[in-house]
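>>> Here is a sequence together with a model predicted from it:
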Amino acid sequence: MSEATEKKRGLRKQRTGVVVSNKGDKTIVVQVTRRAAHPLYKKVISLTKKFHAHDETNDANIGDTVTIVETRPLSKLKRWRMTAVVRRAVED
């Protein structure tokens, strides 16, 4: 997309995570991990969440690190779209 189109649409949330499933056609499941302080005890803990994302070219594989961006609802669960593969998983 062009830069003017992005500005017109406003800022969209972006997340970076690891692909944990690519079994669906043009769909990946991305696990995003973030660190936050516990509300009561203030200990830093890791929180994970899975996002279903649209992968138009079926480019991502399990273990890849990808960037996803917020988009319009594409299906019951898909509200994110993969924009780039940041790092490929190492193959044995």
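Here it is on my side, so go on. Residues are numbered from 1 along each chain as shown.
>>> Mind jotting down where the strands sit in this protein?
Using DSSP state E, the strands of the chain run over residues 14-21, 27-37, 44-54, 65-70, 80-87.
>>> Can you list the helices and strands that the second one packs against?
Contact analysis of strand 27-37 by 3 or more Cβ pairs under 8 Å, 6 or more residues apart in numbering; DSSP states H and E lists strand 14-21, strand 44-54, strand 65-70, strand 80-87 as its packing neighbours. Glycine gets a C-beta too; all of them are placed from N, C-alpha and C.
>>> sorry, back to before: out of the strands of the chain, the one nearest Lys7 is which?
Closest to Lys7 of the strands of the chain, according to Cβ to Cβ: strand 65-70, at 14.5 Å.
>>> average pLDDT across the closest one?
Averaged over strand 65-70, pLDDT sits at 97.
>>> Then stretch 77-87?
On average, stretch 77-87 scores 96.
>>> if I look at the residue positioned nearest the centre of the chain, how far off is Tyr41?
Centroid-nearest residue in the chain: Ile68, 3.7 Å away (criterion: Cα atoms, centre = their mean). Relative to Tyr41, Ile68 is positioned 31 Å away (Cβ to Cβ, to the nearest Å).
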